[in-house]
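> Okay, sequence plus prediction incoming.
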2 protein chains.
Amino acid sequence: MNTNITRRISKAIKIGGVTVGGGAPVVVQSMTKTDTRNTKATVRQIKQLEDIGCEIIRVAVPDAEAATALVDIKKGIKIPLVADIHFDFRLALAALEAGVDGLRLNPGNIGEPDKVRKVALAAKKRGVPIRIGVNAGSLLKTSDKKLTVADHMVAAALAQVKLLESLDFDLIKVSLKAFDVPTTVAAYQSIADKIPYPLHIGITEAGTPRSGVIRSAVGIGTLLWLGIGDTIRVSLTASPKEEVIAAYEILKSLDPRRRGPVLVSCPTCGRAEADVVKLARDVDRRLLKIDKPIRVAVMGCVVNGPGEAKDADVGIACGKGKGVIFKHGEKVAVVEEKDFLNALMREVQSL
Amino acid sequence: MNTNITRRISKAIKIGGVTVGGGAPVVVQSMTKTDTRNTKATVRQIKQLEDIGCEIIRVAVPDAEAATALVDIKKGIKIPLVADIHFDFRLALAALEAGVDGLRLNPGNIGEPDKVRKVALAAKKRGVPIRIGVNAGSLLKTSDKKLTVADHMVAAALAQVKLLESLDFDLIKVSLKAFDVPTTVAAYQSIADKIPYPLHIGITEAGTPRSGVIRSAVGIGTLLWLGIGDTIRVSLTASPKEEVIAAYEILKSLDPRRRGPVLVSCPTCGRAEADVVKLARDVDRRLLKIDKPIRVAVMGCVVNGPGEAKDADVGIACGKGKGVIFKHGEKVAVVEEKDFLNALMREVQSL
């Protein structure tokens, strides 16, 4: 049977130098948590995110001072900068003036046609894409009980799409985020068939890392498995670095060719004869510094151990006091327990 | 649009007193990591898991001594006990003798018809279900290049199903676990249409908690969203408690009526005027002790804050120095920043 994911092909747009949609690899985004007016802190945070693979960064623009700060922020960073606009369309105009690479507008609080029109015309002149960023929490609710939240989200997005299209503006990206996963998935599935534009996907206000990465992985993962999603953001109540790391883990779980290694490690059970939990944790930590898309296996016994270890680029099958190290399916060494970690990492480094 | 998940309806079976399949709520399982022969440590670990909602427990049975220990383990615990058998079918017979509530056999290393037949007849006499637990890592590979791993997994399971059915044995549960998520999902989708039996789902050797919960959430979440899965286990290289906690988070992300609260919390951004990260972390920790399936929101600004806070059972929308607390959609208090946590938790306790 075919186990490949067939991706929805969307129209490609460019956010700065980064292609979103059109079959390009799924782009990883995050959002700064600093006060945007504090240029120095914001640039510092963005540079940390660049280092771990963040490909587009969004910043809140709550006032005119924040909009002005965008000029210097843009100068200090390498990845494309997107301004997040709520309530006041004039801040979108100021952000364009400051040279941002993208805008995000929330139809829930900036939906008036005249205002959106002004922003779209200014964005068109500069060739800057606009994300129509619908969010369940800031959506106006109608009293029609037959409609679900997902219906409202899709309707709000489609109204804005129409408005932008009527201005001959097509540098469009759409997002439809809710906290509820089935609502989010249904909304994206619905709009995926109705518009040709790329989709930015995510689960909004997903929570702290403990529960939020799981909720995000279920929602974003299901959508990606369905072939939907051109760019993703994991929203966590935590450092944005955790958002980027989680985003890559989600991507790697569906596409092993993505940035960084994957670690196959057994849960251990009453069969394990070595401290596999500690070994896996140590290996995991060391692998964080490696960018190569390799597969490493740490296995605790003879049930699946040799099989998984052989299938990995580098693997260890641990037994009592001794472990067998495999590289590209070949047994390369038998090592003592105290050398498990270093021997394994030596082989990883040699790849 | 309809955002409900339509579940595959499977034949119900009973593992001890717990119903698996037939539309019953998805059952949470884990596996002990102690040496099964150490009855005391194993019982202690299982009791900890019972406390946090583990509903079925599996233990490795690598030798005769472990099989004998099952008698006392069973006496010391409340939830159904499943024996995990590899290589030696006689250990399955000994486990049945010891009174286990379920067996798991791995067709990759115990597939010989004669041996399986002996086990099935003994299980039938006692009314004990058997899980056919296929695992990609321990599967015999054929040289047919046209077949994918998923094809091999499904074929291995179907062969065993046929064998058990030929003995008029139908207390069957099936699992098809791989590390690769698209392979796992495709295999389960394929078998879901071919057999009426309940499915145990999971991603095998998913890794350490950092990456393993994400991989498990993507795989198990996608399957549950597709309506597939009657019981789940999250396999992590970590304490089994982390497996159970992650399992419930996956379930809650698709079904808010499950055990324990959900926390909606915003990722914070340049708009936040309070330390939402710390507040959310503190609330999250306190909510761990609460079993009620409630929804709590911690929000950092006026964009989605009031909307999400109102939709929750209890919520706070934080502003500069002050926060508004909502309960069932009604504003109930305005509190100072130093009182955010306690005021919110007071309302949670009062529900």
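Looks like it came in fine.
> for chain B, what are the nearby residues on the stretch 1-150 of chain A?
A:1-5, A:31-37, A:42, A:59-62, A:66, A:84, A:86, A:106, A:109, A:135-139, A:148-150 (CB under 8 Å from any CB of the partner chain). (C-beta placed from N, C-alpha, C; glycine too.)
> Filter those residues down to just the ones in helices.
Mapping those onto helices (DSSP state H) picks out A:42, A:66, A:109, A:149-150.
> between these, which is nearest chain B?
A:Ala150 (5.2 Å; CB to the nearest CB).
> Can you verify my assumption that that closest one contacts A:Ala187?
Yes: between A:Ala150 and A:Ala187 there is a contact under CB atoms under 8 Å: 4.1 Å.
> what is in contact with those two at once?
Common neighbours of A:Ala150 and A:Ala187, counting by CB atoms under 8 Å, 6 or more residues apart in numbering or on different chains, are A:176, A:178, B:1.
> Just to be sure, the first one is in a strand?
Yes: in this structure, A:Leu176 lies within a strand as judged by DSSP: H, G, I helix; E, B strand; the rest coil.
> List the contacts of the residue nearest to it when sequence neighbours are not counted.
With CB to CB, 6 or more residues apart in numbering or on different chains as the criterion, A:Leu176 has its nearest non-adjacent residue at 4.1 Å, and that residue is A:Ala187. By CB under 8 Å, 6+ apart, A:Ala187 lies in contact with A:149-150, A:153-154, A:176, A:178, B:1.
> who's A:Leu103 bridged to?
Judged by DSSP bridges, the bridge partners of A:Leu103 are A:Ala83, A:Ile130.
> who's in contact with it?
A:82-83, A:85, A:92, A:95-96, A:119, A:123, A:128-131.
> same thing but at 10 Å, please
A:58, A:61, A:82-85, A:91-93, A:95-96, A:119-120, A:122-123, A:128-133, A:171, A:173 (CB atoms under 10 Å, 6 or more residues apart in numbering or on different chains).
> Quick check, pLDDT for the closest residue to A:His328 other than its chain neighbours.
Spatial nearest neighbour of A:His328, excluding adjacent residues (CB to CB, 6+ apart): A:Asp313 at 6.3 Å. Listed pLDDT for A:Asp313 reads 94.
> wouldn't A:Asp313 be in contact with A:Leu287 here?
No: using CB atoms under 10 Å, A:Asp313 is not in contact with A:Leu287; the gap is 11.5 Å.
> Identify the contacts common to these two.
In contact with both A:Asp313 and A:Leu287: A:261-262, A:294, A:296, A:348, using CB under 10 Å, 6+ apart.
> what ranges do the strands span in the stretch 101-250 of chain A?
A:102-105, A:130-135, A:172-177, A:200-201, A:231-233 (DSSP state E, counting those that start in this stretch).
> how about CSV for the ones you listed, with mean pLDDT added?
Below are those laid out as CSV (pLDDT from 0 to 100):
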stretch, mean pLDDT
strand A:102-105, 96
strand A:130-135, 95
strand A:172-177, 97
strand A:200-201, 98
strand A:231-233, 97
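> Would you reformat those strands as JSON lines and include distance to A:Pro209?
Output for these, formatted as JSON lines (distance: least, CB to CB, whole Å):
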{"stretch": "strand A:102-105", "distance to A:Pro209": "24"}
{"stretch": "strand A:130-135", "distance to A:Pro209": "21"}
{"stretch": "strand A:172-177", "distance to A:Pro209": "18"}
{"stretch": "strand A:200-201", "distance to A:Pro209": "19"}
{"stretch": "strand A:231-233", "distance to A:Pro209": "15"}
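> how about these, which one is nearest B:Glu205?
B:Glu205 sits nearest to strand A:231-233 of all the strands of the stretch 101-250 of chain A, at 24.9 Å, using CB to CB.
> Could you name the helices and strands sitting against that closest one?
Here strand A:231-233 touches strand A:18-20, strand A:27-31, strand A:56-60, strand A:172-177, strand A:200-201, helix A:209-225, helix A:240-254, going by 3 or more CB pairs under 10 Å, 6 or more residues apart in numbering or on different chains; DSSP states H and E.
> winner for burial among the ones you listed?
Of the helices and strands packed on strand A:231-233, the one with the most neighbours on average (mean count of other CB atoms under 10 Å in any protein chain shown) is helix A:209-225, at a mean of 28.
> does it come close to chain B?
Yes: counting by CB under 10 Å from any CB of the partner chain, chain B is contacted by helix A:209-225 at A:209-225.
> So what's the gap between that helix and the chain middle?
10 Å (CA atoms, centre = their mean, to the nearest Å).
> how is chain A carved up into domains?
A:13-254, A:262-350 (automatic domain parsing).
> Tell me which of those domains lies nearest to B:Leu236.
Comparing the domains of chain A under CB to CB, the one sitting nearest is domain A:262-350, at 5.6 Å.
> Now do the end-to-end distance for the closest one.
End-to-end span of domain A:262-350 (CA to CA, to the nearest Å): 17 Å.
> what about the stretch 101-250 of chain A, any weak spots by pLDDT?
Applying pLDDT under 70 to the stretch 101-250 of chain A picks out residues A:140-143.
> re the thing from before, now render the shared contacts of A:Ala150 and A:Ala187 as CSV, adding distance to A:Val332.
Compiled in CSV, the shared contacts of A:Ala150 and A:Ala187 are given as follows (distance: CB to CB, whole Å):
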residue, distance to A:Val332
A:Leu176, 50
A:Ala178, 49
B:Met1, 55
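> so which of those residues comes closest to A:Gly229?
Taking CB to CB as the measure, A:Gly229 sits nearest to A:Leu176 out of the shared contacts of A:Ala150 and A:Ala187, at 11.3 Å.
> for A:Val59, what are its contacts?
A:31-36, A:42, A:45-46, A:66, A:69-70, A:73, A:81-84, A:95, A:100, B:269-270.
> typo on my end, it should be A:Leu254
A:5, A:26, A:220-221, A:224-225, B:180-182, B:185, B:215, B:218-219, B:222.
> Give me the pLDDT for the residue lying closest to A:Gly17 once chain neighbours are set aside.
Among residues not flanking A:Gly17 along the chain, A:Pro80 sits closest, at 6.8 Å (CB to CB, 6+ apart). As predicted, A:Pro80 sits at a pLDDT of 98.
> cool, the one 10 residues further on as well?
In this prediction, A:Arg90 carries a pLDDT score of 96.
> For it, grab the count of nearby residues.
Using other CB atoms under 10 Å in any protein chain shown, A:Arg90 has 14 neighbouring residues.
> Please apply the same query to A:Thr6.
8.
> For it, grab phi and psi.
Main-chain dihedrals, A:Thr6, degrees, to the nearest 10: phi -100, psi 110.
> what sits against it?
A:226-227.
> Report the separation between it and chain B.
To chain B, A:Thr6 is 11 Å away according to CB to the nearest CB, to the nearest Å.
> count of residues packed around the residue nearest to A:Ala64 when sequence neighbours are not counted?
The shortest distance from A:Ala64 to any non-neighbouring residue, by CB to CB, 6+ apart, is to A:Ala94 (6.3 Å). For A:Ala94, the number of neighbouring residues by other CB under 10 Å comes to 21.
> For the helix or strand encompassing A:Ala94, buried residues please.
Per DSSP states H and E, A:Ala94 falls inside helix A:89-98. Residues A:89, A:91-96, A:98 are the ones in helix A:89-98 that count as buried (16 or more other CB atoms under 10 Å in any protein chain shown).
> hang on, the earlier thing: list just the nearest of the shared contacts of A:Ala150 and A:Ala187 to B:Asp339.
A:Ala178 (29.9 Å).
> Contact partners for the residue nearest to A:Ala41 when sequence neighbours are not counted?
Excluding the flanking residues, the one nearest A:Ala41 by CB to CB, 6+ apart is A:Thr34, at 4.3 Å. For A:Thr34, the contact set (CB under 10 Å, 6+ apart) comprises A:40-46, A:59-60, A:73, A:240, B:268-270, B:272.
> Also A:Lys331?
A:Lys331 neighbours (CB under 10 Å, 6+ apart): A:306, A:309-310, A:317, A:324-325.
> give me that answer again for 7 Å
The contact partners of A:Lys331, by CB atoms under 7 Å, 6 or more residues apart in numbering or on different chains, come to A:Val324.
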